[in-house]
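Colleague: okay, structure incoming, though there's no sequence with it:
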């Protein structure tokens, strides 16, 4: 017979794990189902391992630039097996923390296996160690995340290619890495492996990198990558892929006609697909969109009563901090009888290229399309004293403010520690401060923070 629970959480991402422990801590009999590793994408294949490797790549970059600082070093070499080992060690540490937390939580059962619905609030689990078990629950929470998508390119599935997970397991530096896709993932890996020593070519179908960014931001990012030695091909679509003699061939269509690219490795970084195909959501009455993402309202409720969705599986912004906030929304609504929602939620993010791109709120394009009466503050990082002192002055800062209320509507900070500076501006936005509060604020010198004085003095 099926075992009954107060709550079943399917997937242990950065929303599902804290939700399961919160429910269990509130005295509710809870089960969490995970088919692979606790911690979800962030800990195992996303934020933690990639940013660990970004740090290794930046070290190689700074080492090669040491003469710029008056420090003489010898030739720089990168041992990918040690880079990988460091990455694995940190992932193991973070994953181990998740396992300890879940394993030590009373009222919480951890089931390792693949879940699928067999009816409303009824779940069958194919256990990894053999056999199956059935669960029923008063409430079910879907947190199964997403995985790298494979685009429909002729010949692609007949060759060996890398995705954002497998590329981090390389034990050698690619001679020439072809990167299909000019989004966040593609750019981070492109610059990373260029700094490790690879030749790198980015193939982007759109007219700019980072499609959701303002054109001037995207152009500046492309300029930085090109300065680092990355070849950036825009308005270039992949037509066919093949492989011979240990090389990957990619036929692309450019504005000037067809071109043949050849590389030692191919990274496919074009979007992500939801992990819903094995869930049998129809059996539970849960609706999905045309791409398979779970449809959920602003309270994260699905079309089926008593079933919620949180994290990447529901589409929308695929960021760990959004998954964490999804958890808080559901926790407060389910356990605290609250009324929290995603309405008007700020969605900050950082692209961990170097220098970083930190973003929050409206872009200039967004403000224009909404018909807002806005003003722009823009300042190059070469005008920031701290950036000049550490010889990291590439990029610029840009903020959008309401012309009448002086409210800060959003910002893009492409520069050293851009994510941290954008977070400072976000705090002002959260407190409904006018931009003049940062214009006149007293910040210690010499810090990056004091650049906000000069940035907001540039409001047009």
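Modeller: It's in. Here the structure is a predicted model, which is why all the values come from computation and not from measurement.

Colleague: need the residues that contact the helix or strand that contains residue 115.
Modeller: Element membership of residue 115, judged by DSSP states H and E, is strand 108-119. With CB atoms under 8 Å, 6 or more residues apart in numbering as the test, strand 108-119 has contacts from 5, 10, 20-21, 23-24, 30-35, 38, 102-103, 123-129, 132-134, 278-281, 283-284, 286. To be clear about C-beta, it is placed using only N, CA and C from the backbone, and glycine gets the same treatment.

Colleague: residue 372 contacts residue 402, correct?
Modeller: Yes - Residue 372 is within contact range of residue 402, at 6.8 Å (criterion: CB atoms under 8 Å).

Colleague: can you give me the end-to-end distance of stretch 153-167?
Modeller: End-to-end span of stretch 153-167 (CA to CA, to the nearest Å): 20 Å.

Colleague: run the chain-centre distance for the helix or strand that contains residue 200.
Modeller: Per DSSP H and E, residue 200 falls inside strand 199-203. Offset of strand 199-203 from its chain centre (CA atoms, centre = their mean, to the nearest Å): 21 Å.

Colleague: which is the next helix or strand following that strand?
Modeller: Downstream of strand 199-203, the next assigned helix or strand under DSSP H and E is helix 215-227.

Colleague: okay, now the domains of this structure?
Modeller: Following automatic domain parsing, one gets these domains for the chain: 3-148+273-335, 156-270, 355-456.

Colleague: now do the contacts for residue 88.
Modeller: Here residue 88 is in contact with residue 49 (CB under 8 Å, 6+ apart).

Colleague: does it belong to a helix or a strand, and which?
Modeller: Using DSSP H and E, residue 88 falls in helix 80-103.

Colleague: returning to what we had before: can I get the domains of the chain in TSV with distance to residue 345 and mean pLDDT?
Modeller: Shown next, in TSV, are those (distance: least, CB to CB, whole Å; pLDDT from 0 to 100):
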stretch	distance to residue 345	mean pLDDT
domain 3-148+273-335	7	97
domain 156-270	16	97
domain 355-456	11	98
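
Colleague: all helices for the stretch 151-300 of the chain, in order.
Modeller: For the stretch 151-300 of the chain, the helices defined by DSSP state H, counting those that start in this stretch cover 184-196, 215-227, 281-284.

Colleague: flag every buried residue along the second one.
Modeller: This points to helix 215-227. 217-218, 220-222, 224-225 (16 or more other CB atoms under 10 Å).

Colleague: as CSV, those with distance to residue 290 would be great.
Modeller: Shown next, in CSV, are the buried residues of helix 215-227 (distance: CB to CB, whole Å):
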residue, distance to residue 290
217, 30
218, 27
220, 34
221, 30
222, 31
224, 36
225, 33
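
Colleague: return the member of those residues nearest to residue 157.
Modeller: Within these, the smallest distance to residue 157 is 28.5 Å, found for residue 225 (CB to CB).

Colleague: quick one: the closest one and residue 191 touch, right?
Modeller: Yes - Residue 225 is in contact with residue 191 according to CB under 8 Å; the separation is 6.2 Å.

Colleague: which neighbours do these two share?
Modeller: The contact sets of residue 225 and residue 191 overlap at residue 353 (CB under 8 Å, 6+ apart).

Colleague: picking up where we left off before, need the helices of the stretch 151-300 of the chain in a markdown table (columns: distance to residue 72).
Modeller: Listed next are these as a markdown table, based on distance: least, CB to CB, whole Å:
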| stretch | distance to residue 72 |
| --- | --- |
| helix 184-196 | 20 |
| helix 215-227 | 23 |
| helix 281-284 | 61 |
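
Colleague: so which of those is nearest residue 265?
Modeller: Nearest to residue 265 among the helices of the stretch 151-300 of the chain is helix 184-196; the distance by CB to CB comes to 8.7 Å.

Colleague: tell me the gap between that closest one and the middle of its chain.
Modeller: Centroid separation between helix 184-196 and its chain, computed with CA atoms, centre = their mean, is 14 Å.

Colleague: other residues contacting it?
Modeller: 50, 53-54, 56-58, 60-61, 78, 80, 83, 164, 167, 173-174, 177, 179-180, 200, 202, 204, 209-210, 221, 225, 228-230, 267, 269-270, 349, 351-354.

Colleague: are any of the residues you listed buried, and which?
Modeller: 50, 53-54, 56-57, 60-61, 78, 80, 83, 164, 167, 173-174, 177, 179-180, 200, 202, 204, 209-210, 221, 225, 228, 230, 267, 269-270, 349, 351-354.

Colleague: does residue 138 belong to a helix, a strand or coil?
Modeller: Here residue 138 is recorded as strand under DSSP: H, G, I helix; E, B strand; the rest coil.

Colleague: give me the neighbour count for it.
Modeller: 13 (other CB atoms under 10 Å).

Colleague: just the element for residue 358, please.
Modeller: Assessed by DSSP H and E, residue 358 sits inside strand 356-361.

Colleague: that strand: partners in the sheet, and parallel or antiparallel?
Modeller: strand 349-351 (antiparallel), strand 408-415 (antiparallel) (DSSP bridges).

Colleague: what about the nearest residue to residue 285 once chain neighbours are set aside, distance to residue 113?
Modeller: Spatial nearest neighbour of residue 285, excluding adjacent residues (CB to CB, 6 or more residues apart in numbering): residue 304 at 4.1 Å. From residue 304 over to residue 113 the distance is 22 Å, taken as CB to CB, to the nearest Å.

Colleague: what residues are up against the most centrally placed residue in the chain?
Modeller: The centroid of the chain falls nearest to residue 319 when counting by CA atoms, centre = their mean (4.8 Å). Residue 319 sits next to 347, 349 when contact means CB under 8 Å, 6+ apart.

Colleague: ok, it to residue 294 distance?
Modeller: 17 Å.

Colleague: just residue 160 next, same as before
Modeller: Distance of residue 160 to residue 294, computed by CB to CB: 32 Å.

Colleague: so residue 433 sits against residue 408, correct?
Modeller: Yes - counting by CB under 8 Å, residue 408 is a contact partner of residue 433 at 7.3 Å.

Colleague: between these two, who's got more neighbours?
Modeller: Neighbours around residue 433 and residue 408, counted as other CB under 10 Å, are more numerous at residue 408. The numbers are 25 against 16.

Colleague: next one: residue 32 from residue 6, what distance?
Modeller: On the measure of CB to CB, residue 32 and residue 6 end up 13 Å apart.

Colleague: looking at the two, which is more packed in?
Modeller: residue 32 (27 against 16).

Colleague: and the angle for the host helix or strand of that one with helix 80-103?
Modeller: Residue 32 is located in strand 30-34, with elements delineated by DSSP H and E. Per axes from the mean of the first three to the mean of the last three CA atoms, to 10 degrees, the angle that strand 30-34 makes with helix 80-103 is 160 degrees.

Colleague: strand 30-34 pairs with which strands, parallel or anti?
Modeller: strand 3-10 (parallel), strand 108-119 (parallel).

Colleague: mind listing residues that contact it?
Modeller: With CB under 8 Å, 6+ apart as the test, strand 30-34 has contacts from 5-12, 16-17, 20, 23-24, 102, 107-113, 115, 123, 125, 135, 137.
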